[in-house]
Each structure stands twice: as C-alpha cells, then as structure tokens.
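>>> Quick one: sequence and predicted model below, then my questions.
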Amino acid sequence: MKILLIYPYCLEDRIHEEDATVVPIGLYYIAALLRENGHDAEVLNFSHLKGKPAEIREVFVSRRPDIIGFSVFNANRWGAIDLARCAKSLDPEVRVVFGGVGATFLWDFFLSEYPKAVDFTVMGEGEYPFLELVRCLDRKEPERLETIRGIGFMKEDVPFRTEPAEPLCDPDELPDPAQYFTFQHLVLTRGCPADCAFCGSPQFWRRRVRYHSTDYFVTQMERLYRRGVTFFFVSDDTFTLKKERTIAVCKEILARRLRVTWAAISRVDCVDETVLRWMRMAGCVQISYGVESGSEQIRRRLNKRLRTEDIHTAFRLTTRYGILARAYFIYGCPGESRETIRETLDLMAQIKPLSTIFYLLTLFPGTSLYEEFRRKFDIPDWIWNRPMEDILYFEYDPDLSREDVLAFGKTLRTEFYRHLPRYAEAVELIDDPALYPLHADFLSRLAMTFTHGDYARIEAIPDKAATAETLYRKALRYAPDHRAFLGLGMLRQQDRDFASSVRFLREGLGNYPESEPLHLCLAVSLMNMGQHRDALDVLLKFPASKQAVHFAAQCYQALGDSENAAAFARKVHRMSS
C-alpha cells in the first residue's frame with residue numbers, strides 16, 4: 001500500500017519556528033516500521049504549505065496514496081482537517097488517520113465532527129496500532145477493526161474506541177528510522193515521570209519512561225552524521241533523567257569520534273557537574289530548562305516541583321561548563337500579579353539565562369489544567385470547532401485582565417533584552433584546560449548571535465557590537481577560534497577600520513589556512529583599502545566560489561583589466577543560472 005505520513009501546517013504563524021515546523025520523530029518511527037513490513041511509506045512535512053493549495057493537490061495527485069496519516073496536535077488540527085478534506089475530494093477512497101497527542105485526547109471529537117474527513121484515530125504510541133490498521137485495510141478485513149488496540153472509528157454512527165494499546169516496553173525493538181530517513185531530532189527516552197499541570201505528557205505517556213540503549217541512540221546519530229547531519233535536537237522531556245545513561249551516551253559519541261553539536265532539554269534538579277562536563281565534551285551546546293516562574297506559589301499551582309536553589313545551581317553550572325542555558329517561562333498563570341512578575345524578574349536577574357522563551361499559559365486537552373477548566377466552566381469539546389489554536393487561561397480568570405497580562409509579557413521580554421549584554425559579559429567558565437577550546441567555541445557562538453544571529457535583529461538589545469567584541473576577545477584568550485577571528489574581522493570592517501580587520505583575519509588564517517570565509521573577508525578588507533592586486537591573490541584561490549568570483553570581477557574592474565572583469569562577470573552569471 002502507498003502510505004503518506006504528513007505533518008500539517010499550523011493555524012497561526014509561529015514566533016519560534018523550530019517549535020512547530022519540525023516533523024515529530026514519531027512519524028519517522030511509524031514509517032520505518034511500515035517499511036520493515038513491506039509497505040511504501042513516505043514522510044512529508046507540510047508545515048510550510050499553508051495557503052498553497054495547488055502544491056498540496058499536486059502531491060496528492062502524484063503520490064496517489066491509499067492511506068494518509070496525519071500527526072495532529074492542537075495548533076495544527078485545522079491544517080490536518082483542511083488537508084484531509086482536500087485528499088478526500090481528490091480520492092474519496094483514500095483512508096485518513098489522525099494520530100498524535102491531539103488525536104489521542106480529542107479522538108471522539110474528530111470522528112463525530114468530521115466524519116467525511118477522518119476515518120480513524122490512533123491513540124497513544126502509534127507504531128503498532130497503525131501497522132495493524134494498515135494490515136487490516138490492506139487485507140480488506142473490516143471485521144478485525146475492533147480487535148486492533150489503540151484505535152478509534154465510527155461504529156453505527158457513534159465514535160467507538162478499542163482497548164488501549166499496551167505501551168512499548170523496549171523502544172529498541174523498533175527499526176531505526178535513520179536507516180530510511182534523514183532528520184535532526186533524536187530521542188533517548190519515551191515518557192516523563194513529572195506531572196506538570198500544563199502538559200499533556202503525564203496522560204499521554206502515563207508517566208512511564210522507557211529508554212533506548214546507548215548503542216541504538218548513538219548508532220542512529222552516527223548514521224545521520226555519515227549522511228551529513230552535524231547538529232541535532234535531542235527532544236527528550238528530560239534527557240538527563242538517568243545521568244549514568246546520559247554519560248554513557250556522551251562517552252560513546254566521543255569514542256566514535258562524531259564531530260557533532262546538539263541541544264537538549266532537562267530539568268534543573270536532574271543535572272550536576274559530572275553529567276554537564278560529559279555533555280559538553282560530547283558536543284552539547286544548549287540545554288533548555290522549564291523554570292516557568294520566579295514565584296514558588298505559581299510553580300506549585302502548575303505542579304512544577306522545583307526548588308529555587310536548584311534553579312540557581314543548574315543555570316550556574318550549565319553556563320560554567322560552556323553550555324548555553326535557556327529558560328522557559330510561563331506567564332498569565334493562576335494567581336499572577338505584578339508581585340509574581342517581579343519575582344520572575346528577580347530570579348532572571350540572578351540566574352542570568354542567555355536565552356529565554358516566554359509563553360502565555362494556554363490550556364490543551366489532556367492536561368490537568370484543562371480538565372479543571374472544563375469542570376469549572378462546563379466547556380464542551382465542540383469549543384475546538386472554533387478557529388483557534390488553544391485556550392488562553394487568562395481570558396477566563398476574572399482576576400486577570402488582557403491589558404495586565406499583555407503588559408506582563410512585554411515587561412518580561414523588555415527586561416530580558418535590556419540586561420542580556422550584562423548576562424553575557426558576566427559568564428564565568430570553569431578553569432579546566434581540557435575545556436579551553438570548547439570555552440572558546442561557546443563564547444564565539446554566543447558573540448555571533450549578537451552580530452549575525454537571532455539577537456542581531458532585536459532592536460531592544462543594547463550594545464550588541466560591543467558585547468560581541470568582548471565575547472570574541474574573551475574566546476581567543478582560551479584558544480584560537482575560527483568564529484572569533486572572523487567575527488572580529490567583520491566588526492572592524494563595520495567600523496571601517498580595515499587595517500585592524502586585516503590583522504585579525506591574517507592571524508586567523510595562521511591557524512586556519514584553508515578557511516574560505518576568512519579569505520573572503522580578508523579580500524573585502526583589502527579591496528576597501530584599495531589593495532585590489534593583493535585581494536585578487538586571495539580570491540583566485542577559490543575558483544569554485546561564486547562570491548570569490550564576483551569579488552574578483554570587481555578587482556579586475558578596479559585594476560582596469562576590462563577583459564578579465566567581463567570574463568569573471570560572465571562566470572558569475574553561469575554560476576547563478
């Protein structure tokens with residue numbers, strides 16, 4: 001059978017694209033299991049196809065799927081419904097299956113409200129229920145549907161669900177999706193033991209955690225690395241839940257000499273110096289922690305059981321080992337006030353996060369806050385027929401006004417941006433010679449965000465160039481660093497101090513003689529100094545570089561060599577076409 005597994009687009013545009021435009025790893029596991037069992041399964045990312053009906057129809061017409069599975073959570077449910085309707089209009093016989101966290105908690109809603117678009121739902125872990133459903137449909141055995149655990153469908157015009165599927169005991173029994181697909185998100189674990197009131201994980205995973213073996217996880221990473229993937233997102237709810245397992249993974253990454261970088265998620269009460277050192281040695285460059293609020297009262301209300309001292313310790317140690325510590329905060333919570341926002345600001349000033357994401361408290365099916373909300377306000381599931389992604393908690397709390405909550409968010413962001421340069425310049429790294437090259441890498445990465453990364457575009461951050469220069473120079477005190485030499489060269493170009501730029505770039509080339517970026521940046525500084533012949537000597541080392549050829553054409557023109565200028569201009573045109 002031809003099976004498409006699709007990740008739909010969201011109803012609204014995203015502020016943080018990486019949060020909603022990456023295909024969930026679960027789709028790749030399902031597709032790999034299907035392929036292992038002889039089915040033609042393809043994974044497609046439709047997150048960027050909102051408002052592009054012609055492209056969507058072309059995919060359905062050209063692929064001619066027998067079954068389409070959609071990975072659904074609240075924000076993309078309307079995208080999934082639109083796509084399902086489109087597929088059904090082109091082929092009424094195609095079978096549509098909704099799975100994922102959205103389908104797990106609103107399975108009967110989707111089946112009853114959209115019976116012409118959705119044929120089946122898969123609840124919970126979807127690999128084996130989906131495989132059994134495909135087998136049933138392939139063999140045209142509808143009488144077997146009720147024996148498949150973990151699915152829902154309409155039975156006599158009423159939503160019907162089978163017995164829940166048993167949780168997968170050993171994730172290693174699943175085929176490695178990296179044998180078939182290329183992706184960047186990895187998971188070592190399934191599940192989370194925490195019970196946060198705003199999260200659907202406790203109900204979805206039943207607070208049970210299962211682990212891949214070290215070999216399975218690192219082999220998957222290695223397969224992708226050999227295919228050219230060098231940066232990974234480790235998407236576990238708490239990657240360091242078992243520190244000894246995390247350390248074993250890090251040691252294996254190092255043993256296999258995988259030159260990778262990666263970001264992870266953890267809890268502040270699940271890290272220590274030993275695990276952080278191994279993570280940094282193995283390429284970890286960022287850890288995200290759910291802090292949620294500076295108010296212990298609000299954290300208790302959200303069932304986020306964290307001690308303030310653990311938050312302080314985790315952020316201090318993470319930064320000390322050269323890993324960027326990112327903080328997630330939630331505002332607009334029950335009991336939120338100017339005083340609790342001040343507590344969050346005070347905590348932020350103490351832990352000095354180098355990256356933050358501020359979320360408004362939203363309510364989703366499957367969370368304990370949502371269930372409490374439904375009981376309190378007698379909210380039916382058909383509320384999700386409205387064109388909205390989620391329910392904003394503050395809109396139903398009489399003690400919270402829209403004006404106040406939006407002001408809270410603005411204050412949090414403004415204060416973070418205002419103090420960020422101070423947080424960056426206050427970084428203190430552990431004095432460990434084995435980590436010096438990694439310290440230089442960390443500082444130059446951080447510096448680059450102020451001049452060419454996310455922070456460069458944010459006007460509210462003051463003194464970006466000065467902050468970057470401080471960090472670049474600090475990096476070079478630890479070890480030669482390609483990014484630091486390049487960054488300082490570019491900063492001096494921006495100041496039109498081309499002689500200093502040349503000095504930094506030539507020093508960089510003494511350490512990285514094959515670097516094309518350093519050579520090109522050097523050529524630009526030389527051109528600005530009127531040294532076009534010297535710039536040509538640099539540029540002609542890279543005949544396959546479109547940028548180098550373009551600058552070379554300019555140099556020949558400045559030197560009065562119109563024949564070579566025209567020839568190189570033609571070469572640029574050919575390289576562009």
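Looks like it came in fine.
>>> show me where pLDDT drops low in this structure?
Along the chain, the model assigns pLDDT under 70 to residues 14-20.
>>> one more time with 90
By pLDDT under 90, the low-scoring segments of the chain are 12-22, 202-207, 373-382, 389-390, 576-577.
>>> May I have the distance across stretch 283-298, first residue to last?
Stretch 283-298 has an end-to-end distance of 34 Å (criterion: CA to CA, to the nearest Å).
>>> How about it, which residues are buried there?
Buried residues in stretch 283-298, defined by neighbour count with 16 or more other CB atoms under 10 Å: 283-295, 298. For the C-beta atoms, the positions are set from N, CA and C on the backbone; glycine is no exception.
>>> Closest to Ser71 out of these?
Ser288 (21.8 Å; CB to CB).
>>> In which helix or strand does the closest one reside?
Counting by DSSP states H and E, the element that carries Ser288 is strand 284-292.
>>> Pull up the pairing partners for that strand, direction included.
strand 261-266 (parallel), strand 324-331 (parallel) (DSSP bridges).
>>> Turn the ones you listed into a markdown table, columns for mean neighbour count.
A markdown table is the format used below for those (neighbours: other CB atoms under 10 Å):
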| stretch | mean neighbour count |
| --- | --- |
| strand 261-266 | 20 |
| strand 324-331 | 22 |
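>>> Tabulate the ones you listed in CSV, adding columns for distance to Tyr9.
Shown next, in CSV, are the strands paired with strand 284-292 (distance: least, CB to CB, whole Å):
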stretch, distance to Tyr9
strand 261-266, 24
strand 324-331, 24
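>>> Ok, which of the ones you listed comes nearest Gln554?
Shortest distance between Gln554 and those, using CB to CB, is found for strand 261-266: 35.2 Å.
>>> now the next helix or strand after that closest one and strand 261-266, what's the angle there?
As assigned by DSSP H and E, the chain's next helix or strand after strand 261-266 is helix 273-281. On the basis of axes from the mean of the first three to the mean of the last three CA atoms, to 10 degrees, helix 273-281 is oriented at 150 degrees to strand 261-266.
>>> about what we covered before: tell me which residues are up against the strand holding Ser288.
The contact list for strand 284-292 (CB atoms under 8 Å, 6 or more residues apart in numbering) reads 196, 250, 261-268, 271, 279, 298-299, 302, 304, 306, 311, 314-315, 318, 323-330, 333, 347, 351, 353, 355, 441-442, 445.
>>> what distance separates the next helix or strand after that strand from the middle of the whole chain?
Next helix or strand after strand 284-292 toward the C-terminus (DSSP H and E): helix 296-301. Distance, stretch centre to chain centre, for helix 296-301: 27 Å (CA atoms, centre = their mean, to the nearest Å).
>>> Give me the residues contacting helix 296-301.
Residues contacting helix 296-301 (CB under 8 Å, 6+ apart): 197, 292-293, 305-306, 308, 333-336, 340.
>>> And whatever helix or strand comes next after that helix, what does it pack against?
Using DSSP H and E, the next helix or strand after helix 296-301 towards the C-terminus is helix 308-320. If contacts are counted by 3 or more CB pairs under 8 Å, 6 or more residues apart in numbering; DSSP states H and E, helix 308-320 sits against helix 273-281, strand 284-292, strand 324-331, helix 338-351.
>>> who touches the shortest one?
Think strand 324-331. 198, 285-293, 302, 314-315, 318-319, 341, 344, 348, 351, 353-361, 405, 408-409, 412, 442, 445-446.
>>> Could you check the angle it makes with helix 338-351?
180 degrees.
>>> Disregarding residues adjacent in the polypeptide, which is nearest to Val538?
In space, and not counting its chain neighbours, Val538 is closest to Ala523: 4.4 Å by CB to CB, 6 or more residues apart in numbering.
>>> ok now do the nearest residue to Glu146 once chain neighbours are set aside, which residues does it touch?
Using CB to CB, 6+ apart and skipping residues adjacent in sequence, the residue nearest Glu146 is Thr162, 6.0 Å away. Contact partners of Thr162, counting by CB under 8 Å, 6+ apart, are 145-152.
>>> Distance-wise, check Thr162 relative to Gln286.
Separation of Thr162 from Gln286 (CB to CB, to the nearest Å): 41 Å.
>>> Repeat that for Asp269.
Asp269 sits 19 Å away from Gln286, going by CB to CB.
>>> and if you look at Tyr211?
From Tyr211 to Gln286 the distance is 22 Å (CB to CB).
>>> can you check Val23 too?
Distance of Val23 to Gln286, computed by CB to CB: 21 Å.
>>> Helix, strand or coil: sort out the residue nearest to Val538 for me.
Look at Ala523: counting by DSSP: H, G, I helix; E, B strand; the rest coil, its state is helix.
>>> pretty sure it contacts Phe551?
Yes: counting by CB atoms under 8 Å, Phe551 is a contact partner of Ala523 at 5.6 Å.
>>> so what sits against both of the two?
Residues touching both Ala523 and Phe551 (CB under 8 Å, 6+ apart) are 535, 539.
>>> These two: which is more packed in?
Neighbours per residue (other CB atoms under 10 Å) separate Ala523 from Phe551, with Ala523 holding more: 28 against 24.
>>> Next up, the contacts around the more buried one.
535, 538-539, 548, 551.
>>> Go again with 6 Å.
535, 538-539, 551 (CB atoms under 6 Å, 6 or more residues apart in numbering).
>>> what would those look like in CSV with distance to Pro129 and secondary structure?
Below are these laid out as CSV (distance: CB to CB, whole Å; DSSP: H, G, I helix; E, B strand; the rest coil):
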residue, distance to Pro129, secondary structure
Ala535, 63, helix
Val538, 60, helix
Leu539, 59, helix
Phe551, 58, helix
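>>> Neighbour-wise, give me the winner out of those.
Leu539 (28 neighbours).
>>> OK, contacts around that residue?
Going by CB under 6 Å, 6+ apart, Leu539 touches 523, 548, 551-552.
>>> same thing with Ala178?
By CB under 6 Å, 6+ apart, the contact list for Ala178 reads 220, 223-224.
>>> where do the helices sit along the stretch 101-250 of the chain?
Taking DSSP state H, counting those that start in this stretch to define them, one finds helices in the stretch 101-250 of the chain at 101-105, 107-113, 127-138, 201-205, 214-226, 243-255.
>>> give me the number of residues near the closest residue in space to Ala165 that isn't next to it in sequence?
Counting by CB to CB, 6+ apart, the nearest residue to Ala165 once its immediate chain neighbours are dropped is Gly150, at 3.0 Å. Per other CB under 10 Å, the neighbour tally for Gly150 reads 24.
>>> Show me what stretch 179-196 is in contact with.
Stretch 179-196 is contacted from outside by 22, 25, 28, 32, 35, 171, 201-202, 205, 207-212, 217, 227, 229, 232-237, 303-304, using CB under 6 Å, 6+ apart.
>>> Filter these down to just the buried residues.
By neighbour count, with 16+ other CB under 10 Å, the contacts of stretch 179-196 hold 22, 25, 28, 32, 35, 171, 201-202, 205, 211-212, 217, 229, 232-237, 304 as buried.
>>> Tell me which entries of these lie within strands.
For the buried ones among the contacts of stretch 179-196, the ones inside strands are 211, 232-234, with DSSP state E as the criterion.
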